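Enquirer: Just need the structure, nothing else, for what follows:
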Amino acid sequence: MDPGCAPAALAAGVSAVVPVYNSQATLPEWVARLEPVLRGLGQGFEVVLVNDGSRDGSWRVVCELAKRYPFVRGINMMRNYGQHNALLCGVRSARFDKVVTLDDDLQNPPEEIPKLLAKLDEGDGCDVVYGKPEELQHGLWRNMASQVTKIALQKAMGSNTARNCSAFRAFRTHLRNAWNDYKSPFVSIEVLLTWATTRFTYTPVRHDPRTVGESNYTFRKLLTHALNMATGFSTWPLQVASAIGFAFTLFGIGLLVFVVVQHLIQGRSVAGFAFLASSIALFSGAQLFALGIIGEYLARIHFRTMERPAYAVRQTTVGDETETVEASETTEWAEHDAARPMERV
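Expert: Take a look at the predicted model:
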């Protein structure tokens, strides 16, 4: 974006952005529950469903919902890019001045959205409000992986706010101007939000058990996401590697002193193959660990020089010229082309 050009003013209202993945069974109920909540806000609203390469009939369901509900817009990604990449796409297409993001599995109850928006409008100047679950309805391993991810996120964000982060969030749409030119395939919405503001807060919300299907976030995927955040948005892994290297340097100096003292006092060298082998193994392990961390950073540099996009759009349910439905309107759905030519974003 040209720094000399001010962003266009957005209409007052709410854009609900939802990444969709293998959710054909929950989407109809989800939209049916969301509609009265958004209409009750008394302002403009829209629902942006971003299909992130689902392998079931999710895109077909999105198209059907877009025909049934004029306020629903669908975006179909060319393949599966990841939850945060899909969110980035949806946030960039939002048309109202506030964005609410939530999952499509109904664990984030749509009825809790007014709590987030009320907190956002309290007048204390906050820009981002997270819905902190009163009680997580996940399994043990998923909860443990979530905690590890939040620790990595805290290091990347440089803020204690990370402990309260969740996929259920509300923020001011103009924050997206801070990452207009972001193109990396490694995306973290939380970190991108810190590029635009430091005014975060949270409010307790209900978190319901999952009733349909299983979570697409496994323990391994969450740990991979934590690694991507740690190496993609902070330097603390390099600092850890430096600290380990310094610690083993001190350890090596201690071993040298021990060997020299043994020789001067007892007149003999330190005996034992096991001692020598374990020392070499310790130092080699520390070196390989540090090289692995450096390799992760080099890989990210490599991918960024390739200029891989964060996502690419295959088709949408409506064209950009279509007007978004206001809360007070009860217009009937007009026929539109179901898709437009493939475009790269």
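
Enquirer: May I ask which helix or strand of the protein has the lowest mean pLDDT?
Expert: helix 140-157 (a mean of 57; mean pLDDT, DSSP states H and E).

Enquirer: so what does whichever strand in the chain runs longest touch, helix or strand wise?
Expert: When the chain is parsed with DSSP state E, its longest strand is strand 11-20. Using 3 or more C-beta pairs under 8 Å, 6 or more residues apart in numbering; DSSP states H and E, the elements in contact with strand 11-20 are helix 27-39, strand 44-51, helix 83-92, strand 96-101, helix 113-120. To be clear about C-beta, it is placed using only N, CA and C from the backbone, and glycine gets the same treatment.

Enquirer: what is the rounded mean pLDDT of it?
Expert: Averaging pLDDT along strand 11-20 gives 95.

Enquirer: now do stretch 71-81
Expert: Stretch 71-81 comes out at a mean pLDDT of 94.

Enquirer: Between its first and last residues, how far does that stretch reach?
Expert: 25 Å (C-alpha to C-alpha, to the nearest Å).

Enquirer: Need the contact partners of it.
Expert: The list of residues contacting stretch 71-81 from outside it, by C-beta atoms under 8 Å, 6 or more residues apart in numbering, reads 21, 31, 35, 38, 45-54, 59, 62-63, 65-66, 85-86, 89-90, 93, 185, 310-318, 322, 324-325, 339, 342.

Enquirer: Going through those residues, which ones are buried?
Expert: 21, 31, 35, 38, 45-54, 59, 62-63, 65-66, 85-86, 89-90, 93, 185, 310-318, 324-325 (16 or more other C-beta atoms under 10 Å).

Enquirer: got a list of what Thr211 touches?
Expert: Leu106.

Enquirer: For the remainder of this discussion, apply numbering that starts at 49.
Expert: With the count now opening at 49, the last piece we talked about shows up as Thr259.

Enquirer: measure it to Ile313 for me?
Expert: Thr259 sits 72 Å away from Ile313, going by C-beta to C-beta, to the nearest Å.

Enquirer: need the next SSE after the helix or strand where Arg348 lies, C-terminal direction.
Expert: Element membership for Arg348, per DSSP states H and E: helix 321-353. Per DSSP H and E, the first helix or strand lying C-terminal to helix 321-353 is strand 361-364.
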